[in-house]
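J.: Pasting the sequence and the predicted model now:
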Amino acid sequence: MTTNLTEFYGRGTDEDTRLTRSPHGRLEFLRTRELVRRALDGNALRILDVGGGTGVHARWLAAEGHSVHVVDPVPRHVEAAAAIPGVTAEPGDARALPWPDASADVVLLFGPLYHLVEAGDRATALTEALRVLRPGGVVCAAAIGRYLSLLETGTTGRLDARMAAAVGEVVGTGTYDGHVGFVPAHFHTAAELRAEVRAAGVRDVDVFGVEGPAWAALDIATADLRDEHLDSALRCARMVERDPHLINASAHLLAFGKA
């Protein structure tokens, strides 16, 4: 897995601008930030950002006074994150974290649960997050929604007969083969994410839809996108963030719980 990620993110994929270069990316960033802020309990928290990439979320967390340490398997990500004021970074694997027991107030898992395609590896990553969390500490785990590929290709006109088989496979099993330009990954339903996080021993688990059902339409309205389009999509996402009928329409899911 680490080799595949290094190759993918090292050959021109710019993770640092992914959440700013498209309307959908902006929506994902704003919603992720507001959900994480809502879950943080206290000031100057010790936050371990596992799979934190170039430090997109570490940057604003550090600016708000938290101590943030990024662990990521991609060397160029570690270098970029370490250059952010107030952020430290090192290479590492979510399945074997380089932190002692009960040493973090918050663990963010933004990446491991979809890059780790085997359920056993995802369970190990969650167990490691619990190990390094203090009692009562918060874990926040991100997942890619099971229907992202269906909604993206269906909205953009790419869901042709050739694409349908691959899209059907991910809808049916969660196994994503990279058919729209990403690395092979696992895509979750909200129920599956909740069950995996609970099974690892996380308490008080709650799952939220991040972007809501309007995200795919934003990216095809780029030419005449106005601020009110993004504001409307944000309100839409908030209204149904826990709605059992629409939560799986989000491109990403966030699970929160406590050690």
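T.: Great, that's in hand. Numbers count the residues shown, from 1 in each chain.
J.: Could you tell me how far stretch 180-191 lies from the centre of the chain?
T.: Taking CA atoms, centre = their mean, to the nearest Å, one finds stretch 180-191 lying 11 Å from the centre of the chain it belongs to.
J.: same thing with stretch 121-130?
T.: The answer for stretch 121-130 is 15 Å, by CA atoms, centre = their mean.
J.: So what touches it?
T.: Identification of contacts with stretch 121-130 by CB atoms under 8 Å, 6 or more residues apart in numbering yields 1, 50, 94-97, 107, 109, 112-113, 116, 139, 141, 186, 196-197, 199-202, 259. C-beta here means a position set from N, CA and C on the backbone, and glycine is covered the same way.
J.: What is the burial count for the closest residue to residue 244 other than its chain neighbours?
T.: Excluding its sequence neighbours, the residue lying closest to residue 244 (CB to CB, 6 or more residues apart in numbering) is residue 190, at 7.8 Å. Residue 190 has 20 neighbouring residues, counting by other CB atoms under 10 Å.
J.: just residue 177 next, same as before
T.: Neighbours of residue 177 using other CB under 10 Å come to 15.
J.: Please apply the same query to residue 216.
T.: 20.
J.: isn't there a helix covering it?
T.: Yes. Using DSSP: H, G, I helix; E, B strand; the rest coil, the assignment for residue 216 is a helix.
J.: Please identify the helix or strand for the residue nearest to it when sequence neighbours are not counted.
T.: Closest residue to residue 216 apart from its sequence neighbours, by CB to CB, 6+ apart: residue 155 at 4.0 Å. Remark: residue 155 resides in helix 148-156, with elements defined by DSSP states H and E.
J.: Please save the CA atoms from that helix in PDB.
T.: Taking C-alpha atoms only, helix 148-156 is exported to PDB below (Å, rounded to 0.1, in the frame of the first residue of the first chain):
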ATOM      1  CA  LEU A 148     -19.200   8.600  -4.700                       C
ATOM      2  CA  SER A 149     -18.300   6.900  -8.000                       C
ATOM      3  CA  LEU A 150     -21.900   6.400  -9.000                       C
ATOM      4  CA  LEU A 151     -22.900   9.900  -8.300                       C
ATOM      5  CA  GLU A 152     -19.800  11.400  -9.800                       C
ATOM      6  CA  THR A 153     -19.900   9.500 -13.100                       C
ATOM      7  CA  GLY A 154     -23.700   9.700 -13.300                       C
ATOM      8  CA  THR A 155     -23.600  13.500 -12.900                       C
ATOM      9  CA  THR A 156     -20.700  14.200 -15.200                       C
END
